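>>> here is my input, please return the structure:
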Amino acid sequence: MNVVQTYLQQLDNRKQQYETEIVEITKSITNYHRVIQPIIEKFILQQLYSLHVKTIYRTKFIYNEYEYQRLQSILNETKLNNDQIQEISHLCHSIYAYQESKQEFTLLVHYMRQSKDLLRVSDTIKDIKLPAHFKIMQNQDIRQQFIELHRTNLDHYQNRMKKSLLNLAKIRMNEKQKLFDDAQTNSQQKQHNLPLCQQFNWIVRDTIQLILSNITESLRTMYQLKTFELLGKISLN
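Here you go, the predicted model:
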């Protein structure tokens, strides 16, 4: 903590030094505070917003990783046997796969709400280069009708591809959710069938739930940052 406070103080001292230098430099600039300074401040805020958001989320990554390791150390101290470790590991992998597929589906939904084209079609293709055998048709109305038909069909194709991709992503999400639900149900039934002395104690049960929540939050945070980098906004899901 002392190291951090010392570094923060150094940064604050450097900031004050720069502010003093700026005051001296801008004294001779006409209308600096009324015209130029607001433009500079607006530009800096725009650039710093992206950095600010990314810093917040990278800090969350570090915290989530720390919390995951802390919870794992609690489990390690409970002296679990190999079967119990495998059972917990299976639960963790199952929820990771489910939450990852869920966040991918959510990202796709947000992306498509921005009316983004899934397929990048060059302007050359959109404007369409007419084949040689078509160029013999001199009627401009027919040419134009063909081009408009091409563009309409292209738009329809894009929409079909969006729906198909969403359906595939949703199917995968549902499959992964079922696998996780089954894994959780099987684990609960297995614990219920064991003698009380062989069941997970309350420390292990609570820690498992915290680990599962940690995995969920870690993936949600990761995909929120991906959404921001892709669309410039944060998804709240």
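
>>> three-state assignment of residue 87?
helix (DSSP: H, G, I helix; E, B strand; the rest coil).

>>> report the helix or strand with the lowest average pLDDT across the protein.
Least confident helix or strand of the chain, by mean pLDDT, DSSP states H and E, is helix 123-127 with a mean of 46.

>>> now the following helix or strand past it: how far from the chain's centre is it?
Later in the chain than helix 123-127, the nearest helix or strand by DSSP states H and E is helix 140-193. For helix 140-193, the separation from the chain centroid amounts to 19 Å (computed by C-alpha atoms, centre = their mean, to the nearest Å).

>>> pLDDT of helix 140-193, averaged?
Mean pLDDT, computed over helix 140-193, is 85.

>>> right, and the helix or strand after that helix?
helix 202-231.

>>> tell me, what's the model's pLDDT at residue 134?
57.

>>> ok now the helix or strand where residue 92 lies, how far from the chain's centre?
Residue 92 belongs to helix 82-113 when elements are defined using DSSP H and E. Here the centre of helix 82-113 is set off from its chain's centre by 13 Å, with C-alpha atoms, centre = their mean.

>>> now stretch 74-82
That offset, for stretch 74-82, works out to 32 Å (C-alpha atoms, centre = their mean).

>>> swap in stretch 40-48?
Using C-alpha atoms, centre = their mean, the offset of stretch 40-48 from its chain centre is 24 Å.

>>> same thing with stretch 205-212?
That offset, for stretch 205-212, works out to 24 Å (C-alpha atoms, centre = their mean).

>>> same question, stretch 11-19
Using C-alpha atoms, centre = their mean, the offset of stretch 11-19 from its chain centre is 35 Å.

>>> taking the mean pLDDT, what do you get for that stretch?
82.

>>> kindly report the same for stretch 39-51.
80.

>>> next one: stretch 203-223
95.

>>> in it, what counts as buried?
Neighbour counts over stretch 203-223 (16 or more other C-beta atoms under 10 Å) mark 204, 207-208, 211-212, 214-223 as buried. Bear in mind the C-beta positions are built from the backbone N, C-alpha and C, glycine included.

>>> need phi/psi at residue 28.
Residue 28 adopts backbone torsions of phi -90, psi 0, taken as degrees, to the nearest 10.

>>> can you list the domains in the chain?
Annotated domains of the chain cover 1-29, 31-231 [automatic domain parsing].

>>> most packed of these?
domain 31-231 (a mean of 13; mean count of other C-beta atoms under 10 Å).

>>> span of that domain from start to end?
Distance between the two ends of domain 31-231: 37 Å, counting by C-alpha to C-alpha, to the nearest Å.
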